[in-house]
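# the following block contains a protein sequence and its predicted model.
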Amino acid sequence: MVYGEKLIAQTLHDLGVRVIFGLPGLPVIDIAQEGMNLGIRFVAFRNEQAAAYAATAYGYLTGRPGICIAVGGPGVLHVMTGLPHATVNCWPLLVLGGSSETHNGGKGAFQELDAISLLTPHAKLAIRPPDPDTIPKFIKDAYRAAMYGRPGPAFVDLPANLILGTFDVERKKMMALPEAPKSMAPDNKIRDIVNALRGAKAPLLVVGKGAAYSRAETQIRTLVDRAGIPFFPTPMAKGITADSSPYNFSAARSTAMKQTDIVLVLGARLNWILSFGLPPKWSPTVKIIQVDFAADELGKNGGDPELSVAGDIGLVVDQILKQIGTWKWQERNSDYYKALQMAKLRN
């Protein structure tokens, strides 16, 4: 016989979970207690919203889903803000929500709420195990959904009778999931990108938070130093490359966007942060080459779908480095470079 909360905690531990964020409350607090018995750290908050945000940050920094537990009813409503936050940022998040007993459904049970219907539009996967035997599989499926493909939020609804009950369920150790599969770009597309950079009169690199998520610091720093191409990071990508780099033109961002003819965007979406890749902030004739792990981002707004590629930022930059060889941009006397320098000094 096994308690439901122990079965849940064991499943999380098997998957490699070592930190849980949440707010102590019935019935989910028993999951946290069983987790602590297994060596999982429980970080408590005073509001589920803060716990969800912390879990999304943990997912961003580790590349594996941050786990947030929430009580039913108002707890689920509070944690709900974390789901679109994870969706928009493409960060892996798994929310485990407690709910009222299944046999009391429709009777006005304590904090009764149809969380599945509420959260389905906002999660990659929202599910409720129908019985104790399916608890490990459902949690693993949600964990995988949050991490694989475009990362995002997943939700598992856990009724109180499944958490607090005792069941005759055979203990089957779950295998930890490997990291999400990574892809590379076709060689001919890499060749086209390198040729475009070599032929540019005013090249630019833009480094986004997707590059940080991919942990592509080494590859991008090597590319910047070797090729000597002007660059700037988006806010969430600061630290991938040094602020002190002579090629960092964050202080001349507007000038760079306006005057560049070829820009390689590494892991940044063409949203409001980058003025959607469209005039008047960007030149009407600029070619914007996107590298993103989500193929549906390619060609959005001002992106060039012919030159853009889907793939892991680190692996794709490695491919670019191999093809670019020892080439270095040499237009230090160009009007473009002089304008960048003047704007940088002025700002």
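Good, I have the coordinates. Residues are numbered from 1 along each chain as shown.
# go through this structure and flag its longest helix.
For the chain, the longest helix by residue count, based on DSSP state H, is helix 48-62.
# that one packs against which elements?
Counting contacts by 3 or more Cβ pairs under 8 Å, 6 or more residues apart in numbering; DSSP states H and E, helix 48-62 packs against strand 19-22, strand 66-70, helix 74-79, helix 82-89, strand 93-99, helix 209-213. To be clear about C-beta, it is placed using only N, CA and C from the backbone, and glycine gets the same treatment.
# if you set the cut-off to 7 Å instead, what comes out?
Packing contacts for helix 48-62, counted by 3 or more Cβ pairs under 7 Å, 6 or more residues apart in numbering; DSSP states H and E, involve strand 19-22, strand 66-70, helix 74-79, helix 82-89, strand 93-99.
# using CSV, lay out those together with distance to residue 263, mean neighbour count and mean pLDDT.
Compiled in CSV, these are given as follows (distance: least, Cβ to Cβ, whole Å; neighbours: other Cβ atoms under 10 Å; pLDDT from 0 to 100):
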stretch, distance to residue 263, mean neighbour count, mean pLDDT
strand 19-22, 38, 25, 97
strand 66-70, 32, 30, 97
helix 74-79, 38, 22, 91
helix 82-89, 22, 20, 94
strand 93-99, 31, 30, 92
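# ok so, going back, and the longest helix of the chain, how far from the chain's centre?
11 Å (Cα atoms, centre = their mean, to the nearest Å).
# next: stretch 218-238.
20 Å.
# for it, how far is the first residue from the last?
Distance between the two ends of stretch 218-238: 14 Å, counting by Cα to Cα, to the nearest Å.
# returning to that earlier point: for residue 218, find the nearest of the helices and strands packed on helix 48-62.
Between residue 218 and the helices and strands packed on helix 48-62, the tightest spacing by Cβ to Cβ is seen for helix 82-89, at 23.2 Å.
# so what secondary structure elements neighbour the closest one?
Using 3+ Cβ pairs under 7 Å, 6+ apart: helix 82-89 touches helix 48-62, strand 153-159.
# could you identify which of those is most buried?
strand 153-159 (a mean of 27; mean count of other Cβ atoms under 10 Å).
# could you say what helices and strands the helix or strand following that one packs with?
Counting by DSSP states H and E, the next helix or strand C-terminal to strand 153-159 is helix 160-164. Judged by 3+ Cβ pairs under 7 Å, 6+ apart, the packing partners of helix 160-164 are helix 4-14, helix 29-37, strand 93-99.
# out of those, deepest packed?
strand 93-99 comes out most buried of the helices and strands packed on helix 160-164 by mean count of other Cβ under 10 Å, with a mean of 30.
# list the contacts of residue 206.
Taking Cβ atoms under 7 Å, 6 or more residues apart in numbering as the criterion, residue 206 is in contact with 231, 232, 234, 263, 265, 266, 268, 274.
# just list whatever residues bridge to it.
residue 232, residue 265 (DSSP bridges).
# so what pLDDT did it get?
Residue 206 is assigned a predicted lDDT (pLDDT) of 98.
# how about the helices in the stretch 151-300 of the chain?
160-164, 187-198, 209-213, 217-227, 253-259 (DSSP state H, counting those that start in this stretch).
# identify the residues contacting the most centrally placed residue in the chain.
Nearest to the mean C-alpha position of the chain, by Cα atoms, centre = their mean, lies residue 91 at 2.8 Å. Taking Cβ under 7 Å, 6+ apart, we find residue 91 in contact with 56, 59, 60, 151.
# pretty sure the second one sits against residue 92.
What it means is residue 59. Yes. Between residue 59 and residue 92 a contact is recorded at 4.1 Å, counting by Cβ atoms under 7 Å.
# can you work out which residues contact both of the two?
Common neighbours of residue 59 and residue 92 (Cβ under 7 Å, 6+ apart) are 65, 66.
# so how far is residue 292 from residue 4?
Residue 4 sits at a distance of 40 Å from residue 292 (criterion: Cβ to Cβ, to the nearest Å).
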